[in-house]
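Visitor: A predicted structure for the sequence below; I have some questions about it.
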Amino acid sequence: MHLPTRRQFNRCLAGAAAVLGAPAAWPQAWPAKPLRIVVPYPPGGFTDVTARLVAQKLQERLGQTVLVDNKPGANGIIGVDAVAKSPPDGYTMGVVIAAYAANTTLYPKLPYDPAKDLAAVSLIGLSPLVAAVHNDAPFKTAGELVAYARRHPGKVSFGSSGNGSAAHLSTEYLKALTGSYMVHIPYRGAAAALTDLMGGQIQLFLDAASGLINPGKAGKVRLIGVASDRRLPALPDVPTFIEQGVAGFTGSTWAGLLAPAGTPKEIVRRVADEVARIVRMDDVKARLEQMGTVPVGGTPEQFEAFIASETAKWGKVIRDAKVTAD
């Protein structure tokens, strides 16, 4: 998914602003007790940090405790299923990332139906992936990486945080766009892949900027490209793949809020309104940008359309590359 252009982003904010000005219609008793935000991944990662940032501000704005409940496992499926099966009363929501869209194709028998059991609330932010290579790799730019992989099929191994992850699928997309062949090495999480990258067991790893900024600045790995339309404020010296001649290559993870289907629309709209306000707060925007994340916000309808687009894009990559969950 391309990052929003300035015009598209402004339209997104304008839509959110229009909603913010609409008269309140949610049940007046809500929220009357603590809220729960399910994070389908372990503490400390991109999803967890983003969820806690939003939860803290929601707690301040709603005047109720907002608890973060980590339920990792099965590429996010366990946590998402917990949200889908929760009462649709506005007191349970979940934060999902790009894997949520990919799982629709990757797993033919999900325990929930994304179209019937869950409702989009708001896209919080987009985090374009950054390519990191081992310091002694025989390529120093994205262009050199592609040229080397074409000349030496199978000589470049790339890591990912698991089959079907944003890192895996984005690199498969890069291979398809450039006609190159690189060998996938799946890991159980990004930390293990980064460790092997630094040790030279693999040569390439694409991940959210939040996990690569510090190792890159410390000289432990070399950052060679950003998979987006624009450079990231957190990494102004790292050019995009598009700048380096890889036309059309974009890939990101993202974070967004979902609710159980049937949650009152007034509550869904209220939470979307609050997220739109929160991501525009100076301190939140600064924190997200430090993580390499572009704040978005917006309406439930916009997030629903975004999920549909992501599901179609990564579904095609999965089918063309014959990616499986195992």
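Guide: Yes, it's here. Residues are numbered from 1 along each chain as shown.
Visitor: could I get the helix of greatest length in the chain in PDB with only the CA atoms?
Guide: For the chain, the longest helix by residue count, based on DSSP state H, is helix 300-321. Extracted in PDB, the C-alpha atoms of helix 300-321 (Å, rounded to 0.1, in the frame of the first residue of the first chain):
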ATOM      1  CA  PRO A 300     -14.100   3.700  10.200                       C
ATOM      2  CA  GLU A 301     -15.100   3.700   6.500                       C
ATOM      3  CA  GLN A 302     -11.600   4.800   5.500                       C
ATOM      4  CA  PHE A 303     -10.000   2.100   7.600                       C
ATOM      5  CA  GLU A 304     -12.400  -0.500   6.200                       C
ATOM      6  CA  ALA A 305     -11.400   0.500   2.600                       C
ATOM      7  CA  PHE A 306      -7.700   0.400   3.600                       C
ATOM      8  CA  ILE A 307      -8.000  -3.100   5.000                       C
ATOM      9  CA  ALA A 308      -9.700  -4.300   1.800                       C
ATOM     10  CA  SER A 309      -6.900  -2.800  -0.300                       C
ATOM     11  CA  GLU A 310      -4.200  -4.400   1.800                       C
ATOM     12  CA  THR A 311      -6.000  -7.800   1.800                       C
ATOM     13  CA  ALA A 312      -6.100  -7.700  -2.000                       C
ATOM     14  CA  LYS A 313      -2.500  -6.600  -2.400                       C
ATOM     15  CA  TRP A 314      -0.900  -9.200  -0.100                       C
ATOM     16  CA  GLY A 315      -3.300 -11.900  -1.200                       C
ATOM     17  CA  LYS A 316      -1.900 -11.600  -4.700                       C
ATOM     18  CA  VAL A 317       1.700 -11.700  -3.400                       C
ATOM     19  CA  ILE A 318       0.900 -14.800  -1.300                       C
ATOM     20  CA  ARG A 319      -0.700 -16.600  -4.300                       C
ATOM     21  CA  ASP A 320       1.900 -15.600  -6.800                       C
ATOM     22  CA  ALA A 321       4.800 -16.500  -4.500                       C
END
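Visitor: Would you mark the buried spots in it?
Guide: Neighbour-count burial for helix 300-321, counted by 16 or more other CB atoms under 10 Å, picks out 300, 302-304, 306-307, 310-311, 313-315, 317-318, 321. Any C-beta I mention is one placed from the backbone N, CA and C, and that applies to glycine too.
Visitor: for stretch 241-261, same thing?
Guide: For stretch 241-261, a neighbour-count test (16+ other CB under 10 Å) marks 241-242, 244, 246, 249-260 as buried.
Visitor: Thr240 contacts Asp229, correct?
Guide: Yes: taking contacts as CB atoms under 8 Å, Thr240 lies within contact range of Asp229: 6.9 Å.
Visitor: and those two? which has more neighbours close in?
Guide: More crowded of Thr240 and Asp229, by other CB atoms under 10 Å: Thr240, with 20 against 16.
Visitor: Next, the more buried one: phi, psi?
Guide: With angles defined as degrees, to the nearest 10, Thr240 sits at phi -80, psi 160.
Visitor: Give me the nearest residue to it, chain neighbours excluded.
Guide: Val226 (4.8 Å; CB to CB, 6 or more residues apart in numbering).
Visitor: For stretch 241-250, give me every contacting residue.
Guide: 1-3, 128, 131, 141-143, 146, 173-174, 177-178, 225-229, 231 (CB atoms under 8 Å, 6 or more residues apart in numbering).
Visitor: tell me the mean pLDDT over it?
Guide: Across stretch 241-250, pLDDT averages out at 94.
Visitor: CA atoms only: put that stretch into PDB for me.
Guide: Extracted C-alpha coordinates of stretch 241-250, given in PDB (Å, rounded to 0.1, in the frame of the first residue of the first chain):
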ATOM      1  CA  PHE A 241      13.800   2.200  -3.000                       C
ATOM      2  CA  ILE A 242      11.900   4.200  -5.600                       C
ATOM      3  CA  GLU A 243      14.600   6.900  -5.500                       C
ATOM      4  CA  GLN A 244      17.100   4.200  -6.200                       C
ATOM      5  CA  GLY A 245      15.300   2.900  -9.300                       C
ATOM      6  CA  VAL A 246      13.000   0.200  -7.900                       C
ATOM      7  CA  ALA A 247       9.800   1.700  -9.300                       C
ATOM      8  CA  GLY A 248       6.600   1.000  -7.400                       C
ATOM      9  CA  PHE A 249       8.100  -0.800  -4.400                       C
ATOM     10  CA  THR A 250       6.300   0.100  -1.200                       C
END
